[in-house]
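S.K.: from the sequence below, what's the structure:
(chains A and B)
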Amino acid sequence: DQQVKQNSPSLSVQEGRISILNCDYTNSMFDYFLWYKKYPAEGPTFLISISSIKDKNEDGRFTVFLNKSAKHLSLHIVPSQPGDSAVYFCAARIQGAQKLVFGQGTRLTINP
Amino acid sequence: ETGVTQSPTHLIKTRGQQVTLRCSSQSGHNTVSWYQQALGQGPQFIFQYYREEENGRGNFPPRFSGLQFPNYSSELNVNALELDDSALYLCASSWGGGTGSYNEQFFGPGTRLTVL
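M.R.: Here you go, the predicted model:
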């Protein structure tokens, strides 16, 4: 039972344009959502997060949007840079629990 | 500040063998979580250790076990290895047991386990 889904295995975007990565979830008990970025041979690196009581969080070029009624969140990267090429994981935490539930990941490629 | 380190980097075992993977948590952190990442999938939670006690477990059989030491480093042990155990094993350290507000988990580079 995949509680967090990233339906796009890959995404290719032109440098300077906006990258939009999407994530859907099924569990209403998730209270915290996160995006992680992963380069080959490295562990995932925390990028940005959002609490379930908010609908938007911004950090520099990165913005996460949460639509609770649709059980959907998205990560916007503007402008996209070549160094953003990586695998991006969406993750969620169940309220009161200790674990993160991850999506399958989306490989983002930024083309010059 | 030292980050999360894991050893070994790569490991090859045969079916039925046992393996121990090690993780040193980031300075100041008292919680270690272990995740299994199969090829093409996201990390899956195995269990978490907080102050040397297991503090939550995912859907993994008992042959996956762990330990946390007084210095908060941790081990993941897997007995009776199966082919499907081939994966990247990630550990993440954080502060606090995770029941309150979210405390960021910092991941190590992982151990790549291959079971033949």
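S.K.: thought residue B:78 was touching residue B:17?
M.R.: No. Checked against CB atoms under 8 Å, the pair residue B:78 and residue B:17 is beyond contact range at 9.1 Å. C-beta here means a position set from N, CA and C on the backbone, and glycine is covered the same way.
S.K.: how about the residues of chain A near chain B?
M.R.: Residues of chain A lying close to chain B by CB under 8 Å from any CB of the partner chain are A:4, A:6, A:32, A:34, A:36, A:41-46, A:49, A:51, A:89, A:91, A:93, A:96-105.
S.K.: how about 10 Å then?
M.R.: For chain A, the contact set with chain B under CB under 10 Å from any CB of the partner chain comprises A:1-2, A:4-6, A:9, A:31-34, A:36, A:38-39, A:41-46, A:49, A:51, A:87, A:89-91, A:93-105.
S.K.: mind giving me the ChimeraX command for buried ones among the residues you listed?
M.R.: To isolate the buried members of these in ChimeraX, using 16 or more other CB atoms under 10 Å in any protein chain shown:
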select /A:4,6,31,32,33,34,36,38,43,44,49,87,89,90,91,93,94,97,98,99,100,101,102,103,104,105
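S.K.: poorly predicted segments of the chain, please.
M.R.: As the question left the chain open, I've gone with chain A. Scanning chain A for pLDDT under 70 picks out A:1.
S.K.: correction: the question concerned chain B.
M.R.: For chain B, applying pLDDT under 70 flags the ranges B:1, B:97-102.
S.K.: make it 80
M.R.: Within chain B, the ranges that satisfy pLDDT under 80 run B:1-2, B:96-103.
S.K.: just want the most central residue of it.
M.R.: residue B:34 (2.8 Å; CA atoms, centre = their mean).
S.K.: and that residue, what helix or strand is that in?
M.R.: Following DSSP states H and E, one finds residue B:34 within strand B:31-37.
S.K.: re earlier: inside helices: which ones of the residues of chain A next to chain B?
M.R.: Assignment to helices by DSSP state H places none of those there.
S.K.: doesn't residue B:21 make contact with the residue nearest to the centre of chain B?
M.R.: Yes. Counting by CB atoms under 10 Å, residue B:34 touches residue B:21, with 8.2 Å between them.
S.K.: excluding its backbone neighbours, what's nearest residue A:79?
M.R.: residue A:16 (4.6 Å; CB to CB, 6 or more residues apart in numbering or on different chains).
S.K.: please report how far that neighbour lies from chain B.
M.R.: Taking CB to the nearest CB, to the nearest Å as the measure, residue A:16 falls 29 Å from chain B.
S.K.: which of residue B:78 and residue B:17 has more residues huddled nearby?
M.R.: A count of neighbours by other CB atoms under 10 Å in any protein chain shown puts residue B:78 above the other of residue B:78 and residue B:17, at 24 against 13.
S.K.: residues in contact with the nearest residue in space to residue B:112 that is not next to it in sequence?
M.R.: Leaving aside its sequence neighbours, residue B:112 sits nearest to residue B:10 (CB to CB, 6+ apart; 4.8 Å). Each residue near residue B:10 by CB atoms under 10 Å, 6 or more residues apart in numbering or on different chains is listed here: B:88, B:110-114.
S.K.: what's the answer for residue B:30, then?
M.R.: Residues near residue B:30 by CB under 10 Å, 6+ apart: B:49-52, B:68, B:71-72, B:93-97.
S.K.: show me which of those are buried.
M.R.: B:49-50, B:68, B:72, B:93-95, B:97.
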